[in-house]
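Undergrad: next input, structure requested:
(chains A and B)
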Amino acid sequence: MNLYHHFGEQLTSVLDALRDQGVLPPDADFTRITVEPPRDPSHGDIATNAAMALAKMAKMAPRDLAQKITELLLQLPDIDSAKIAGPGFINITIPPSFWQKIILAAANAEISYGRSELGRGQKVNVEFVSTNPTGPVHVGHCRGAVFGDALANLLDYSGYDVTREYYINDAGAQVDVLARSAYLRYLEALGEDIGEIPDGLYPGDYLKPVGKALADKFGDQFKGQKDAEWLAAFRLFSIVSMMDIIRADLKALNVRFDVFSSERALIEGKVNMVEDTIDDLRSKGLIYEGVLPPPKGKLPDDWDEREQTLFKATEFGDDVDRALIKADGTYTYFAADMAYHRDKYRRSFNKMIDVMGADHSGYVKRMKAAGKALSDGTAELDIKICQLVNLVRNGKPVKMSKRSGSFITLREVVDEVGPDVVRFIMLYRKNDATLEFDFDKVQEQSKDNPVFYVQYAHARIHSVLYRKIPLEMPDLEMASFEPLKQDLSVLTDSGELALVKRLAQYPRIVEQAAKTHEPHRIAFYLYELAADLHTQWNRGTEKPELRFISDGNKKVTGARAVLLLAVAKTLASGLEILGVHPIEEMR
RNA sequence: GGUCCCGUAGCUCAGUUGGAUAGAGCACCAGAUUCCUAAUCUGGGGGUCGCGUGUUCGAAUCACGCCGGGAUCACCA
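TA: Okay, the predicted model is just below:
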């Protein structure tokens, strides 16, 4: 039940009528018309710019056209008043009966109030995390993991057919390093003294169990053998082990995937898909052998000018053409990624979203160029960049040193503060703004902590509906409670109406968040809804007649219970999109 | 130097995809409150939306140019 869609349709019917009357030209364009809440609530419930947007086409002054529109609007049901304001805005107010419908829509368990059919079942692929399978998930990937998961939830909630996908980068040099590191641990498990892990190999303890497992599996048959003997087997075994760890790490954060795609499989399958992709592009005239100009400004000291196989990325908006084959003859990461995106496209994903870290921002243009080239412009590829997260403890930034292996893992953070806190905080900021994660603040049980604040609102309602009401007003016990039979016309207090109006915004917020691929909008909305709830709760301490449980007044309490139910369900719905549990009591 | 992101109240940040007098939290100031529907409440001050030009009925929002901060910059992933 989207208020603004409803009245948008009403408005369209009025405009159609005006077109039939000849007031508007037959080809009048309605696309610039908005139907939205006015910034200042005193202006009314709904505002439209229709008269201003159409004034030129109608060859009328905006206010004169507004007059014609309002006359027809006032003949419609569910419109109390329609007034012309300012340069030609039309401000509409709607009657209490309509607000009551919204409360019921939100309170009714049968309807998912915020869901929409925006996506119309369209397939969308959300690719995220996609970290190298060389160790546990680093805390730096936390944000992308949460963002991608929440975005997928959001799109699913908005009527898309969503696939969550992880691209395993198991074909580059790193996985060879992984295999060599595992080999050392294998020797260690066989009782050899391996000393310090040499520079350039992965030093982490997490490879010890892998070494042990390899020793159990292969015995000492590879001891002292050349790497050609064992490299491939060790690589495969290690990658599988690392993916087990990564999957478990992500699960701890309640992040889930539908599909794991392997980069190596693209190259080593029956058809070499990377080669196939390059052939494809070549037949479109988008591949050539050439020499790239060195980067402008400072020249890398080991700059080596040479001819390479290049993709004409500049034809699709990139700044330079991009290399596909490395000096050693293997494919670049980009070449494989093109093949991968072509694969997604061929799996009929016309809508793709890649979630990347800030360190990949330089990669966006070439990937978008690739998306256009591979789909002949028919695929929509959006790339979301998650900015850095700065960890803070005791008021000081947490320093991390990759070299010593003392990096902080996703698992450590989740174990310390819990998945709900990590998720909410990561989403309580726009994805392209840097974020501060303060271990002390995010665990604080006070209203300064937005996670606590929102969850507390939900718990408070639960306490009224499921603890207090059964004690004080057994007739309204939730098990047999019937929202439809309550008289909502008694909800007239300003704080109650504020809650209702906030509830009415929810479908619109979800829709905007889905359209812009910005789940943080949900988090901010939930904070505001929680604030309205807490405010009304607090007013009850001053004025007992405003308490949700009104002494001895079953009628009022019943109506307020419907409102609380609506607020709780909306909070739970939004939290569910964010992947945060709507807890029922504070511990 | 190129590219991308950011710049909004003292601080941390929203800002309805171009709308009316730009918002919230913290901090600050002034009151209330020791009560319980547990983990305060109410009110207030505070702004050149980095700067400038342009686009139009209308700009924090769009375009271009500067300034400041961050990320990144053949071949890695």
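Undergrad: rest of the way, CA atoms for contacts and neighbours
TA: Will do.
Undergrad: what sits against whatever residue of the stretch 201-350 of chain A ends up closest to RNA strand B?
TA: Across the stretch 201-350 of chain A, the shortest distance to RNA strand B (CA to the nearest atom of the strand) belongs to A:Thr332, at 3.2 Å. For A:Thr332, the contact set (CA atoms under 8 Å, 6 or more residues apart in numbering) comprises A:Ala323, A:Leu324, A:Ile325, A:Lys326.
Undergrad: cross-check the contact I'm expecting between the second one and A:Met338.
TA: The one in question is A:Leu324. No. Between A:Leu324 and A:Met338 no contact is recorded; they are 9.5 Å apart, counting by CA atoms under 8 Å.
Undergrad: nearest to A:Ser112, of the contacts of A:Thr332?
TA: For the contacts of A:Thr332, the minimum distance to A:Ser112 (CA to CA) is 47.5 Å, reached by A:Leu324.
Undergrad: what is the neighbour count of that closest one?
TA: Using other CA atoms under 10 Å, A:Leu324 has 21 other residues around it.
Undergrad: residues in contact with it?
TA: The contact partners of A:Leu324, taken as CA under 8 Å, 6+ apart, are A:Gln308, A:Thr309, A:Leu310, A:Phe311, A:Tyr331, A:Thr332, A:Tyr333, A:Phe334, A:Ala335.
Undergrad: okay, and the third one sits in which element?
TA: Okay, so that is A:Leu310. Applying DSSP states H and E as the criterion places A:Leu310 in strand A:307-311.
Undergrad: one more: the last one?
TA: Element membership of A:Ala335, judged by DSSP H and E, is helix A:333-346.
Undergrad: mind listing what the following helix or strand past that helix pairs with, with the direction of each?
TA: Later in the chain than helix A:333-346, the nearest helix or strand by DSSP H and E is strand A:351-357. Within its sheet, strand A:351-357 is paired with strand A:123-127 (parallel), strand A:380-386 (parallel), according to DSSP bridges.
Undergrad: so what pLDDT did A:Gly297 get?
TA: If you check A:Gly297, the pLDDT there is 64.
Undergrad: what residues does the stretch 101-250 of chain A put near RNA strand B?
TA: Taking CA under 7 Å from any atom of the strand as the measure of proximity, the stretch 101-250 of chain A contacts RNA strand B at A:Thr131, A:Asn132, A:Asn169, A:Asp170, A:Ala171, A:Gly172, A:Ala173, A:Gln174.
Undergrad: tally of neighbours for the second one?
TA: Put plainly, it is A:Asn132. Neighbours of A:Asn132 (other CA under 10 Å): 20.
Undergrad: quick one, which of the strands paired with strand A:351-357 is packed in tightest?
TA: Among these, strand A:123-127 has the highest mean neighbour count (mean count of other CA atoms under 10 Å), at a mean of 23.
Undergrad: what pairs with the helix or strand of chain A with the lowest mean pLDDT, parallel or antiparallel?
TA: Least confident helix or strand, chain A: strand A:396-397 with a mean of 82, by mean pLDDT, DSSP states H and E. Sheet pairing here is set by DSSP bridges, and for strand A:396-397 it gives strand A:389-393 (antiparallel).
Undergrad: the partner strand vs RNA strand B: in contact?
TA: No. Judged by CA under 7 Å from any atom of the strand, strand A:389-393 stays clear of RNA strand B, getting no closer than 9.5 Å.
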